[in-house]
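Novice: Okay, sequence plus prediction incoming.
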Amino acid sequence: MVDLKTTYMGLPLKNPFVISASPLSEKIDTLRKLEDLNASAVVIYSLFEEQIIHEQLTMHARLEQGTEAYSESLSYFPMPENFRLGPEEYLEHVRKAKEALSIPVIASLNGYTLGGWIEYSQKLENAGADAIECNVYYIPTSFDEDENKIQSRYIEILTAIKKTVSIPVAMKLSPYFTSMSRVAKHLEHAGADALVLFNRFYQPDIDLDDMAVKPHLVLSTSFESRLALRWIAILYGHIKTSFAATGGIHTSEDAIKLILAGADAIQLCSVLLKNGIEYFTTLYDGVVKWMKDKEYESVNQMKGSVSQKTCADPSAFERANYMKTLLSI
């Protein structure tokens with residue numbers, strides 16, 4: 001019998017498969033079914049900085065009723081009905097998930113500035129969250145913003161949250177840094193317990209009838225998992241945090257490759273939205289079968305065995321691979 005147990009940012013998991021922050025965590029019944037299917041942990045969909053600020057501004061507006069002091073500020077934020085739940089309801093959802101499940105429940109905070117929203121990390125810990133995944137979803141558009149300040153923003157947010165909670169904190173990153181390795185090292189030094197690679201920026205579209213920008217969701221494909229594969233393989237053994245791969249994991253083979261590269265956890269979303277949550281069993285069984293066929297006894301034996309640190313040809317993850325790919329066409 002193969003051993004699928006792994007450890008992710010200090011949390012013991014029965015296998016590497018984690019449900020990522022997504023609509024899959026909206027209903028407690030769905031979470032129970034995923035646990036029954038063998039999901040090892042769940043990341044609850046994100047609580048957004050904008051939600052918390054909107055609630056705080058609403059509170060101030062009520063206190064200053066009649067002065068119109070905050071009416072203009074409130075108009076800049078999405079209305080509460082555009083969010084799944086408000087901040088207090090989100091905390092209650094985390095409590096209910098923790099009560100209903102025996103697997104780790106990871107809360108998700110999504111923001112991009114230093115501010116009062118960070119204080120909710122303590123409330124999430126009090127609500128029973130086993131860890132927090134911090135999603136700094138930030139797209140720098142100012143031509144005057146210094147690149148070092150952009151990187152410092154991530155460090156400052158992580159540092160502030162780590163000062164607030166005692167539970168593990170993961171940082172979910174975008175792939176668009178000048179030096180991913182250096183950013184990863186700085187985050188490690190600042191206390192990150194895990195790096196989640198990578199955040200998927202949803203690209204806007206243009207409605208040709210209305211001549212307006214509109215959101216457009218496209219589910220990931222297996223090809224996208226290669227970006228996380230490359231960087232986890234490069235960072236493994238050099239950065240002491242845990243690694244979670246997210247984005248583009250649609251087959252057992254995708255998951256196996258990421259574990260071989262060094263991933264501790266494999267986060268699933270699009271594949272289950274596309275095929276239904278029962279497809280989890282197909283992914284799980286596929287990994288078990290491959291391990292038996294290749295005579296691997298455990299996930300820990302697999303982990304990082306084809307990372308850059310252990311690979312016979314480390315340049316395969318760098319420029320040499322680029323040149324070989326072009327020459328193979």
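Specialist: The structure has been received and is ready for your questions.
Novice: which stretches of the stretch 1-150 of the chain form helices?
Specialist: For the stretch 1-150 of the chain, the helices defined by DSSP state H, counting those that start in this stretch cover 28-36, 49-63, 71-74, 87-100, 120-126, 147-164.
Novice: which one of the ones you listed has the lowest average pLDDT?
Specialist: Here those differ in mean pLDDT, and the lowest is helix 71-74 at a mean of 40.
Novice: just the helices of the stretch 1-150 of the chain: most buried one?
Specialist: The highest mean neighbour count among the helices of the stretch 1-150 of the chain, using mean count of other Cβ atoms under 10 Å, belongs to helix 120-126: a mean of 20. Yep, even glycine has a C-beta here, placed from its N, CA and C like the rest.
Novice: roughly how far apart are residue 228 and residue 258?
Specialist: 7 Å (Cβ to Cβ, to the nearest Å).
Novice: returning to what we had before: okay, the helices of the stretch 1-150 of the chain in CSV with distance to residue 286 next?
Specialist: Converted to CSV, the helices of the stretch 1-150 of the chain look like this (distance: least, Cβ to Cβ, whole Å):
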stretch, distance to residue 286
helix 28-36, 17
helix 49-63, 38
helix 71-74, 49
helix 87-100, 27
helix 120-126, 34
helix 147-164, 35
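Novice: related to what we said a few turns ago, which residues are in contact with each of residue 228 and residue 258?
Specialist: Residues touching both residue 228 and residue 258 by Cβ atoms under 8 Å, 6 or more residues apart in numbering: residue 245.
Novice: just the strands in this protein please.
Specialist: Applying DSSP state E to the chain gives strands spanning 6-8, 11-13, 17-19, 41-43, 47-48, 105-111, 131-136, 169-173, 194-197, 205-207, 212-214, 242-246, 265-268.
Novice: Neighbouring strands of the last one in the sheet, and parallel or not?
Specialist: Yep, that's strand 265-268 we're talking about. strand 17-19 (parallel), strand 242-246 (parallel) (DSSP bridges).
Novice: Burial-wise, tell me which of the ones you listed comes out on top.
Specialist: It is strand 242-246: most buried of these by mean count of other Cβ under 10 Å, with a mean of 28.
Novice: Tabulate the CA atom coordinates of that one in PDB.
Specialist: Provided in PDB are the C-alpha atoms of strand 242-246 (Å, rounded to 0.1, in the frame of the first residue of the first chain):
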ATOM      1  CA  SER A 242       6.300  24.500   1.800                       C
ATOM      2  CA  PHE A 243       5.100  24.700  -1.800                       C
ATOM      3  CA  ALA A 244       1.600  24.400  -3.100                       C
ATOM      4  CA  ALA A 245       1.000  24.200  -6.900                       C
ATOM      5  CA  THR A 246      -2.200  25.800  -8.200                       C
END
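Novice: That'll do, ta.
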